[in-house]
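Asks: Below is the sequence, then the predicted model.
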Amino acid sequence: MTSFKTLRLAVATLALGVGLAASAGQASAQTVQDIVNRGKARIGVLIGAPPYGSVDAQGNAVGYDADVAAVVGKYLNVPVEVVQLTPPARIPALESGKVDFLVATLAPTPERAKSVLFTIPYSMFQPGIYAHKDKNIKSWADLKGMKVGVNRGSSVEHELTSREKELNLTVMRFEDDATVMMALFTGQVDAIAGPDAQANAAMKARNVTDVEQKFIFARQPNSMTVRKDQTDLRDWLNTVIAYMKLSGELDTISRKWVGIPLPELPTF
């Protein structure tokens, strides 16, 4: 039996029968079987960060995360209730039981892993510094004394706060990546720190030609996220992600929304 067929069998088996029942009155499902029994999956997805997440004219969440959540719902064989979240609201929504799990472009970091569990990554982008072409910025040192925008609550924010005092930065925090990019376009900030996919999507959407990437400072994988007590669900989602990689579904979603093949994703 091929590894692809083995994963297919594992996905089906786990979705049908894995897990213990949740405690009475639990607001959010604990296990895969709890979600199946309830007949609906509540999945938190990111908005305000195209192409990974935004809202269409009808108010529906669209983007990379929404498409991935739909595929996960297909393998659970239940309808998906998409819960739209901004970056600062992601982990609180999970911990409060508002959602069963997150497909919300969340980077697995040591600090976050103290309070939640992460799956293997399902996407990845490269954060960088962006500014107008006439700004001579080639390294962190060139940002000294500048006003720099960033998405509040994102992993990218740490890169600025760790250098804030050393470089005498004025860090301006906004609620999502779209607002961060608009602050750069309108001159509210000298530069911004943000993911390449979101920055490129914003420049393309507004036909901005006088802004460019100055340098890349990281590679950020993004994981689905569950609560600390949801090891069963985490293990099942790991199987689904591996299956989606082998089946080509993640590659299709990456090409659709980011415009590039799925990059090689780390595992742990």
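Replies: Arrived safely. Residues are numbered from 1 along each chain as shown.

Asks: strand partners of the lengthiest strand in the chain, parallel vs antiparallel please.
Replies: Longest strand in the chain by number of residues (criterion: DSSP state E): strand 116-125. Within its sheet, and counting by DSSP bridges, strand 116-125 is paired with strand 220-227 (antiparallel).

Asks: Can you tell me what sits against the strand it pairs with?
Replies: 28, 72, 90-91, 94-95, 100-108, 112, 116-127, 155-156, 195, 233-234, 237, 241, 265-266 (CB atoms under 8 Å, 6 or more residues apart in numbering). Heads up, the C-betas are built off the backbone N, CA and C, glycines and all.

Asks: Would you list the buried entries among these?
Replies: Among the contacts of strand 220-227, the ones that count as buried by 16 or more other CB atoms under 10 Å are 28, 72, 90-91, 94, 100-108, 112, 116-125, 127, 155-156, 195, 233-234, 237, 241, 265.

Asks: and the closest residue to residue 137 other than its chain neighbours, helix, strand or coil?
Replies: Spatial nearest neighbour of residue 137, chain neighbours left out: residue 214 (4.2 Å); criterion: CB to CB, 6 or more residues apart in numbering. Recorded secondary structure, residue 214: strand (DSSP: H, G, I helix; E, B strand; the rest coil).

Asks: how about residue 214, what does it touch?
Replies: Contacts of residue 214 by CB under 8 Å, 6+ apart are 128, 129, 130, 131, 135, 137, 138, 142, 191.

Asks: Return the subset of those residues lying in strands.
Replies: Short answer: these in strands (DSSP E) are 128, 129, 130, 131, 191.

Asks: My read is that the last one contacts residue 128, right?
Replies: Looking back up the chat, that one is residue 191. No. The pair residue 191 / residue 128 is not scored as a contact, 10.2 Å apart, by CB atoms under 8 Å.

Asks: Those two: who's more crowded?
Replies: residue 191 (22 against 19; other CB atoms under 10 Å).

Asks: Is my assumption valid that residue 54 occupies a position in a helix?
Replies: No. Under three-state DSSP, residue 54 sits outside any helix and is assigned strand.

Asks: Please name the nearest non-neighbouring residue to it.
Replies: Residue 54 sits nearest to residue 63 (CB to CB, 6+ apart), 5.5 Å away.

Asks: ok, the residue lying closest to residue 99 once chain neighbours are set aside to residue 90 distance?
Replies: Closest residue to residue 99 apart from its sequence neighbours, by CB to CB, 6+ apart: residue 44 at 3.8 Å. To residue 90, residue 44 is 6 Å away according to CB to CB, to the nearest Å.

Asks: which neighbours do the two share?
Replies: 102, 104.

Asks: Specify which member of the ones in strands among the contacts of residue 214 is nearest to residue 179.
Replies: residue 130 (14.0 Å; CB to CB).

Asks: Please name the bridge partners of the closest one.
Replies: With DSSP bridges as the rule, residue 130 is bridged to residue 192, residue 213.

Asks: Make sure it is actually in contact with residue 191.
Replies: Yes. Counting by CB under 8 Å, residue 191 is a contact partner of residue 130 at 6.5 Å.

Asks: which residues do the two both contact?
Replies: By CB under 8 Å, 6+ apart, the residues touching both residue 130 and residue 191 are 184, 214.

Asks: From the centroid of this structure, which residue is nearest?
Replies: Nearest to the centroid of the C-alpha atoms of the chain, with distances taken as CA atoms, centre = their mean, sits residue 105, at 0.3 Å.

Asks: just checking, that residue is part of a strand?
Replies: Yes. Counting by three-state DSSP, residue 105 falls inside a strand.

Asks: which residues touch it?
Replies: By CB under 8 Å, 6+ apart, the neighbours of residue 105 are 46, 49, 52, 53, 64, 65, 123, 222.
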